[in-house]
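Asks: Structure, please.
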Amino acid sequence: MGRSSVQGYCTTMKTGPGGVARTRVVDLRSEVVAKLAPAIRKAMLEAEVEYDLMGEDPTARELQEFAADMFQMEAALFVPSGTMANLIAVMAHCRERDSEIIVGDLSHMHLFAQGGTAQLASVHSTTATTLPDGTFDLEQLESKIHHRYPNPHYPRSRLICVENTHNIRGGRVLPLTFLREVRALADTYGLSVYMDGARVMNAAVAQGVPASSITQHAHAVSVCLSKGLGATAGTILAGPRDFISRAVRCRQALGGEVMKTGMLAAAGKLCLLEMTGRLEEDHRNAKTFAQALDDCDPPLFAVDTAAVETNIVCFSLREPSLSPFEFCTRMGQVGAGEVAALGQGIQVHMFPYHRNIIRAVWHLGISSEDTQLAIQKMQFVASQYLRDKLRAQ
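Replies: Here you go, the predicted structure:
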């Protein structure tokens with residue numbers, strides 16, 4: 001197997017005696033499948049690395065100081081993963097056992113973290129309905145805040161959590177007006193606001209504003225370095241200095257202290273510096289694919305093209321007899337007659353995500369050419385499926 005450093009995978013497939021046809025692989029499952037760019041590998045190789053347990057790693061300090069300045073927070077901390085960052089944020093904000101957080105019912109924190117806030121932090125959650133654009137109804141949100149403390153029958157509302165961009169809602173960008181209103185509501189009742197900003201750099205690019213224009217509406221924020229930015233691993237957690245001091249202790253308790261962080265930190269800093277601008281290409285390619293889904297003849301797909309604001313496309317199937325799992329399987333295999341029809345085999349990896357939704361994610365290494373390959377494969381799968389259906393009738 002060989003692969004271009006900037007495009008989807010390229011493999012070979014035998015077609016007969018002495019004949020070889022190329023098979024292209026376009027992996028749209030998640031940003032984390034992206035291969036490291038040469039510049040990132042070089043930064044890691046040349047990083048100055050020291051023992052970070054006592055804060056002695058200069059590269060880790062540089063990353064944290066740079067991130068704090070970028071997001072206009074007092075301090076920042078490198079942690080190994082976004083899931084850990086979210087959990088640390090809850091633990092650092094909710095230090096008493098009667099604490100409660102308010103999260104979206106379709107948020108990553110609520111659905112995809114194994115209930116860690118309850119399991120590991122002993123913090124109760126209540127949910128607000130996630131609207132199609134990733135926001136909450138503010139009246140409903142306010143109704144979720146417990147006003148009867150210290151009545152012993154009720155938990156104490158401590159933290160409102162928002163997700164920006166919103167994953168399940170297809171990478172929707174939270175409007176700045178909404179964030180201002182959430183912050184004002186939280187300030188009225190003495191709550192804090194935490195932003196799960198795993199893809200907040202995508203939001204900044206989509207809105208054409210500095211990231212700090214978004215993060216200023218939260219008391220604390222996490223930013224994933226290994227999603228669209230393309231770093232090796234890690235997330236930045238940023239907020240007030242006393243919050244970060246508590247976060248350091250929580251990170252240690254959760255086993256998140258990396259003894260020699262420098263190589264990972266070097267990759268993270270480079271990505272914050274140089275990889276943000278290229279996110280616009282991911283957004284453009286995602287919109288191109290979404291439009292192709294909408295234009296497909298026969299009309300097999302349901303997609304809201306206006307809702308595709310960043311690098312994620314969520315869509316469903318109009319054909320009840322074709323399940324999301326079967327569609328993704330067909331997309332990931334080289335079908336009969338495909339090489340003859342398309343001139344090569346194309347494997348496009350995506351997966352059924354939530355309920356009947358299929359998710360495709362654009363990232364570092366997926367070019368406009370790869371996007372066109374994914375469109376060709378989608379059109380081929382749609383035509384072949386309906387042809388097979390007609391034959392079976």
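
Asks: Rounded mean pLDDT for stretch 41-58, please.
Replies: The average of the pLDDT scores along stretch 41-58 is 85.

Asks: Repeat that for stretch 337-349.
Replies: 95.

Asks: now do the same end-to-end measure for that stretch.
Replies: 19 Å (CA to CA, to the nearest Å).

Asks: Just the buried residues of it, please?
Replies: For stretch 337-349, the neighbour count (16 or more other CB atoms under 10 Å) marks 338, 339, 342, 344, 345, 346, 347, 348, 349 as buried. For the C-beta atoms, the positions are set from N, CA and C on the backbone; glycine is no exception.

Asks: One more: stretch 274-291?
Replies: Neighbour counts over stretch 274-291 (16+ other CB under 10 Å) mark 275, 276, 279, 281, 282, 283, 285, 286, 287, 288, 289, 290 as buried.

Asks: Let me know the closest of the residues you listed to residue 215.
Replies: Of all these, residue 215 sits closest to residue 276, with 13.8 Å by CB to CB.

Asks: Check the secondary structure at the closest one for me.
Replies: Of the three states, residue 276 takes coil under DSSP: H, G, I helix; E, B strand; the rest coil.

Asks: mind listing what it touches?
Replies: For residue 276, the contacting residues are 201, 204, 205, 229, by CB atoms under 8 Å, 6 or more residues apart in numbering.

Asks: I'd say the third one and residue 278 touch.
Replies: No. In this structure residue 205 lies outside contact range of residue 278 using CB atoms under 8 Å: 9.1 Å.

Asks: just to revisit the earlier point, need the buried residues of stretch 337-349 in JSON lines (columns: distance to residue 31).
Replies: Putting those into JSON lines (distance: CB to CB, whole Å) gives the following:
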{"residue": "338", "distance to residue 31": "27"}
{"residue": "339", "distance to residue 31": "30"}
{"residue": "342", "distance to residue 31": "26"}
{"residue": "344", "distance to residue 31": "25"}
{"residue": "345", "distance to residue 31": "25"}
{"residue": "346", "distance to residue 31": "21"}
{"residue": "347", "distance to residue 31": "19"}
{"residue": "348", "distance to residue 31": "16"}
{"residue": "349", "distance to residue 31": "13"}
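
Asks: Among those, which pair sits farthest apart?
Replies: Going by CB to CB, the pair spanning the buried residues of stretch 337-349 furthest: 339 and 349, at 18.5 Å.

Asks: Would you mind listing the outside residues contacting whichever helix in the chain runs longest?
Replies: For the chain, the helix that runs over the most residues, judged by DSSP state H, is helix 368-392. Here helix 368-392 makes contact (CB under 8 Å, 6+ apart) with 7-8, 24, 26, 28, 281, 284-285, 288-289, 292-293, 296, 298, 300-301, 319, 321-322, 327, 330-331, 335, 337-338, 341-342, 346-348, 360, 362.

Asks: All set, thanks.
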